[in-house]
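In: What would the 3D arrangement of this be:
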Amino acid sequence: MNQNLPSAKSQTKSGERERIRGVITRRNLCGLANDTKWDEFIKAIRLRKGWKPSYRFKCVDGPPNEWDVEWFYHLPFPFISVEWFDITFIQETKVHRLPQQLDIVDHSPWIEELLASIGLDYTKGKKILRIFGYSPRDLALFDE
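Out: Residues are numbered from 1 along each chain as shown. Okay, here's the model as predicted:
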């Protein structure tokens with residue numbers, strides 16, 4: 001893996017982590033994840049061959065982000081800001097034959113195994129796994 005890729009600690013502005021810590025304190029949030037756990041998760045997804053899950057996230061100081069699929073530079077750095085991080089676990093692929101079919105693969109077994117081995121707190125819905133960065137656990141927009 002390229003050592004120059006951003007990590008959970010990466011920040012775009014000087015003092016960003018300190019500002020986010022202030023928001024966390026004001027909101028009285030309790031941490032459920034840390035940079036080491038986020039880095040293990042990000043690295044495992046980046047190294048995964050083939051399919052990668054779509055994701056969206058909500059930072060402690062902003063609205064939820066739109067869904068994305070790019071796992072290298074679009075992630076919410078620094079991850080200390082992540083209140084929750086959703087990933088899809090259903091892969092739908094159109095099979096181009098008649099009649100047209102949809103091939104559905106459930107990736108939740110390997111993703112849940114990964115999350116459990118890292119020790120990240122999450123909940124599973126119908127198509128989404130929500131990973132919690134902080135408690136209280138926010139379920140807004142979950143599995144809509």
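In: List the contacts of stretch 104-123.
Out: 32-33, 37, 40-41, 44, 51, 53, 87, 89-93, 124, 129-132, 135, 137, 139, 142 (C-beta atoms under 8 Å, 6 or more residues apart in numbering). C-beta: built from backbone N, CA, C; applies to glycine.
In: from those residues, which would you call buried?
Out: Listed as buried from the contacts of stretch 104-123 are L32, A33, K37, E40, F41, P53, I87, F89, L129, R130, I131, F132; burial here means 16 or more other C-beta atoms under 10 Å.
In: Now do the contacts for the residue minimising distance to the centre of the chain.
Out: Residue closest to the mean C-alpha point of the chain, counted by C-alpha atoms, centre = their mean, is F85 at 3.7 Å. Shown in contact with F85 (C-beta under 8 Å, 6+ apart): Y55, R56, F57, P76, R130, I131, G133.
In: Which ones among these lie within strands?
Out: Of the contacts of F85, the ones assigned to strands by DSSP state E are Y55, R56, F57, R130, I131.
In: will you turn those residues into JSON lines that also has distance to L114 and pLDDT?
Out: Shown next, in JSON lines, are the ones in strands among the contacts of F85 (distance: C-beta to C-beta, whole Å; pLDDT from 0 to 100):
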{"residue": "Y55", "distance to L114": "14", "pLDDT": "98"}
{"residue": "R56", "distance to L114": "19", "pLDDT": "98"}
{"residue": "F57", "distance to L114": "17", "pLDDT": "98"}
{"residue": "R130", "distance to L114": "15", "pLDDT": "98"}
{"residue": "I131", "distance to L114": "11", "pLDDT": "98"}
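In: Now render those as CSV, adding distance to S10.
Out: As requested, the ones in strands among the contacts of F85 are exported to CSV (distance: C-beta to C-beta, whole Å):
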residue, distance to S10
Y55, 17
R56, 19
F57, 15
R130, 23
I131, 18
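In: Give me the subset of the contacts of stretch 104-123 that lies in helices.
Out: K37, E40, F41, A44 (DSSP state H).
In: Which of these sits closest to W67?
Out: Within the ones in helices among the contacts of stretch 104-123, proximity to W67 (C-beta to C-beta) peaks at F41, which comes in at 17.7 Å.
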